[in-house]
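In: need a structure here:
(2 chains)
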Amino acid sequence: MADGDLYLEELRELVAEVLEVEPEELTDTGDFQAEYEADSLRAIEMLARIEKKYKIAIPQKELANMQNLKAVYEVTASYANWPKG
Amino acid sequence: MDLDFAQLRRLLPHGPGMVLLDRVEELEPETGLTAFKTISGGEPCYALLDGSAGIDAFAYPASLLLESFGQAAAVLWLCSTPAAERVLMFAGAKECEFTGHAYPGDTVRHVVRLEHRSEGAAFVSGHTLVGERRIASYGSLTAVVRPRSALPEPAAVASITTG
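Out: As a prediction, the model looks like this:
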């Protein structure tokens, strides 16, 4: 599995835990608010867990760009210097 | 670093009677602290209990135990962050478990661990003991940080009387 795919699956596990769904229920493009009833508190928790896991800092303003798993990967990748998805 | 009650009163934004901590010990700003509060039968939360109430009625409310722990977490954050520009607000708690009670005469000891802090939020975990008996565990408390300038001025609050 390519590095990008591994990171995506790690993020899927992490985000699924925050949203309290099974990882296999979390699609790449499903909107967190519309499809998984996420609120701002879950968004903040998700951001904090990503920062802690990958030892990076992501400004809160990026939350507006992190509305689904694919978008979360793109933003995280840019701050963690991962390969683009 | 240790903090006495006078220092806690100056540090916390809470008004008179709302500071639910007595002292802090072993404060390490990016790690955690230990905080103490002794519970008294004269506290406002017991004011409406009548003379026939048994000791069970004097179990310290879980909501106030959580508030006391939250204030200890706030002390941890405030000691490493200039408070003048920003306000820390309690946003949520999860995986909290209350397994025992504290009563007047008990001293509760909060053990607070800083799990993560970022630009706009802080996350702590910990537990509360009476002696060596754990009475509460907190999986995760979340606080968010907002610029003081972005918040409305607090409205005047009418005094609350009982009885």
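In: Could I get the full set of helices for the chain?
Out: You didn't pick a chain, so chain A it is. A:3-19, A:32-36, A:40-54, A:69-80 (DSSP state H).
In: Wait, chain B was what I had in mind.
Out: B:5-11, B:62-78.
In: Most tightly packed of these?
Out: Mean neighbour count, computed with mean count of other CB atoms under 10 Å in any protein chain shown, is highest for helix B:62-78 among the helices of chain B, reaching a mean of 21. In this view, the C-beta of every residue, glycine as well, is placed from N, C-alpha and C.
In: neighbouring contacts of it?
Out: Helix B:62-78 is contacted by residues B:3, B:8, B:11-12, B:14, B:19-21, B:24, B:27, B:29, B:32-33, B:35, B:37, B:45, B:88, B:90, B:93, B:96, B:98, B:102, B:108, B:110, B:112, B:114, B:117, B:122, B:124, B:126, B:128, B:135-136, B:138, B:141, B:143 when judged by CB atoms under 8 Å, 6 or more residues apart in numbering or on different chains.
In: Which members of those residues are classed as buried?
Out: B:3, B:8, B:11-12, B:19-21, B:24, B:27, B:32-33, B:35, B:37, B:88, B:93, B:96, B:102, B:108, B:110, B:112, B:114, B:117, B:122, B:124, B:126, B:128, B:135-136, B:138, B:141, B:143 (16 or more other CB atoms under 10 Å in any protein chain shown).
In: Without its sequence neighbours, what residue ends up closest to the closest residue to chain B within chain A?
Out: Among the residues of chain A, A:Gln60 lies closest to chain B, at 4.1 Å counting by CB to the nearest CB. Once flanking residues are discounted, A:Gln60 sits nearest to B:Gly120: 4.1 Å by CB to CB, 6 or more residues apart in numbering or on different chains.
In: Wait, that neighbour touches B:Val144, no?
Out: Yes - at 6.0 Å, B:Gly120 counts as touching B:Val144 under the criterion of CB atoms under 8 Å.
In: residues in contact with the residue most central in space within chain A?
Out: Nearest to the mean C-alpha position of chain A, by CA atoms, centre = their mean, lies A:Val72 at 3.8 Å. Neighbour list for A:Val72: A:11, A:15, A:46, A:50, A:66 [criterion: CB under 8 Å, 6+ apart].
In: could I get these as CSV with neighbour count, pLDDT and distance to chain B?
Out: Formatted as CSV, the contacts of A:Val72 follow (neighbours: other CB atoms under 10 Å in any protein chain shown; pLDDT from 0 to 100; distance: CB to the nearest CB, whole Å):
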residue, neighbour count, pLDDT, distance to chain B
A:Leu11, 23, 96, 17
A:Val15, 24, 96, 16
A:Met46, 21, 93, 11
A:Ile50, 23, 94, 10
A:Met66, 21, 95, 14
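In: Low-confidence bits of chain A, can you list those?
Out: Low-confidence segments of chain A, defined by pLDDT under 70: A:1, A:84-85.
In: what does chain B give?
Out: In chain B, residues with pLDDT under 70: B:82-84, B:154-163.
In: near chain A, which residues of it show up?
Out: Contact residues (CB under 8 Å from any CB of the partner chain) of chain B with chain A: B:91-92, B:115-116, B:118-121, B:123, B:140, B:142, B:144.
In: Neighbour count for those residues - can I get that in TSV?
Out: Formatted as TSV, those follow (neighbours: other CB atoms under 10 Å in any protein chain shown):
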residue	neighbour count
B:Ala91	17
B:Gly92	14
B:Glu115	17
B:His116	18
B:Ser118	18
B:Glu119	12
B:Gly120	18
B:Ala121	21
B:Phe123	21
B:Ser140	17
B:Thr142	22
B:Val144	17
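In: taking those residues one by one, which sit in strands?
Out: Using DSSP state E, the members of the residues of chain B next to chain A that fall in strands are B:91-92, B:115-116, B:121, B:123, B:140, B:142, B:144.
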